[in-house]
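1. Turn this into a structure:
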Amino acid sequence: MIPILFHELIETNPVFNVLRYLTFRTGAAIMTALFLSFLIAPPLIAFLKKRQLSGQPIRSDGPERHITEKAGTPTMGGILILAALFVSALLWADLRNPYAWIVLGTIAGFGAIGLMDDLLKLRAESARGMRASVKFSLQSAAALIAIAGILAVAGEGATDLAVPFFKDVLIPLGVFFPLFALIVITGTSNAVNLTDGLDGLAIVPVMIAAASLGVIVYLAGNAVFADYLQIHFVKGAGEAAVICGAMIGAGLGFLWFNAHPAKIFMGDIGALALGAGLGVIAVIAKHEIVLAIIGGLFVMEAASVIAQVLSFRLTGRRIFLMAPFHHHLEKKGWEEPTIVIRLWIVACVLALIGLSTLKLR
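-> Next up, the predicted model:
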């Protein structure tokens with residue numbers, strides 16, 4: 001909004017020339033979202049504590065200490081994240097860019113689905129919310145709308161899949177691209193949701209992934225940098241870096257209150273929305289495979305659940321003491337801060353590997 005409001009001054013006044021630069025507006029988005037998070041959090045936490053009589057529903061089959069330590073903590077902290085993210089992004093992003101609306105629309109759509117799921121859980125005082133089939137149908141609809149928007153905006157090569165570590169390898173997916181993009185967006189959304197099980201565990205890897213994707217979309221949206229690095233150039237994709245910045249700032253503010261012992265949990269409204277946001281940005285930038293590397297922690301957590309379910313159904317045996325994997329570590333006797341910090345380190349290493357694909361070709 002600010003780039004539009006000050007368009008004339010940008011053209012004539014050198015003081016406002018900084019608004020041209022994505023780097024400045026991304027930094028401004030980070031700081032704005034962080035400030036808004038600190039402003040919104042205290043009254044929101046007080047309100048949620050008052051309204052949510054039983055707090056976050058806890059799995060009855062989960063780690064025993066969760067029942068005593070985490071029961072009663074208010075959920076739906078994603079409201080804080082999304083409020084700060086949207087205000088900041090709407091202020092600093094160039095809203096004439098269609099990719100900005102596609103990303104924000106996807107985050108809003110998945111956030112609405114998460115909100116409904118959270119409300120159902122609170123109403124039933126159970127960890128089981130919306131039926132899986134209903135949730136996935138709604139997620140698929142939201143993702144397909146975003147994919148249709150991307151295909152309408154993107155130019156040549158929109159349905160190609162770029163392969164990391166190779167300069168000129170593009171796999172034409174053709175009519176299968178919408179299905180592939182659907183899996184990326186919904187898969188990332190649900191993987192982040194599965195990772196959100198310990199204080200601070202999900203939000204830091206989300207910020208790490210957002211920072212990495214922010215770099216990637218900035219480079220992919222710049223013809224000179226894209227040509228130098230031999231990556232797929234996507235005109236206009238750089239604007240998504242501002243939204244990545246807003247996600248980082250909102251995440252930092254949320255972490256202040258979500259750090260152990262958490263005063264508020266993210267809830268599905270936050271986890272589903274943020275995961276979908278990461279997924280759609282990766283699809284826009286043609287770095288879907290790189291997202292699987294950068295977000296490898298989310299992949300690992302989701303894979304542990306899939307493997308556990310398949311193993312139990314096929315053999316009657318469980319691979320892990322409990323899934324997702326972070327609960328397995330809890331059952332093994334690891335302390336919560338130890339699990340969280342070590343998995344943060346894993347997320348950092350994976351992000352560095354993912355970013356290295358930009359140059360190692």
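2. For residue 25, which non-adjacent residue is spatially closest?
-> residue 92 (4.5 Å; C-beta to C-beta, 6 or more residues apart in numbering). C-beta here means a position set from N, CA and C on the backbone, and glycine is covered the same way.
3. And that neighbour, what's its pLDDT?
-> We have a pLDDT of 96 for residue 92.
4. what about it, how many neighbours?
-> The tally of other residues near residue 92 (other C-beta atoms under 10 Å) stands at 27.
5. ranges for the strands of the stretch 201-350 of the chain?
-> Secondary structure of the stretch 201-350 of the chain (DSSP state E, counting those that start in this stretch): no strands located.
6. next one: the stretch 51-200 of the chain
-> 160-162, 170-172.
7. Let me have these in JSON lines, extended by mean neighbour count and distance to residue 123.
-> Formatted as JSON lines, the strands of the stretch 51-200 of the chain follow (neighbours: other C-beta atoms under 10 Å; distance: least, C-beta to C-beta, whole Å):
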{"stretch": "strand 160-162", "mean neighbour count": "18", "distance to residue 123": "42"}
{"stretch": "strand 170-172", "mean neighbour count": "13", "distance to residue 123": "45"}
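8. mind putting these in a markdown table, distance to residue 30 included?
-> As requested, the strands of the stretch 51-200 of the chain are arranged in a markdown table below (distance: least, C-beta to C-beta, whole Å):
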| stretch | distance to residue 30 |
| --- | --- |
| strand 160-162 | 27 |
| strand 170-172 | 33 |
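9. I'd like to know which of these lies nearest to residue 216.
-> Among these, the nearest to residue 216 by C-beta to C-beta is strand 160-162 (11.0 Å).
10. Tell me the strands beside that closest one, with direction?
-> Counting by DSSP bridges, the strands paired with strand 160-162 are strand 170-172 (antiparallel).
11. For residue 102, give its distance to residue 232.
-> Look at residue 102 and residue 232: by C-beta to C-beta, to the nearest Å, they are 17 Å apart.
12. Between these two, which is the more surrounded one?
-> Using other C-beta under 10 Å, the more surrounded residue of residue 102 and residue 232 is residue 102, with 23 against 16.
13. Show the contacting residues for the more buried one.
-> Applying C-beta atoms under 8 Å, 6 or more residues apart in numbering to residue 102 gives the contacts 146, 149-150, 153, 280, 284.
14. what about the stretch 1-150 of the chain, any weak spots by pLDDT?
-> 5-16, 52-71, 125-127 (pLDDT under 70).
15. Please repeat the previous calculation with a cut-off of 50.
-> Within the stretch 1-150 of the chain, the ranges that satisfy pLDDT under 50 run 53.
16. Surely residue 322 is in contact with residue 328?
-> Yes - in this structure, residue 322 is within contact of residue 328 by C-beta atoms under 8 Å, at 5.5 Å.
17. Sweet, I'm off.
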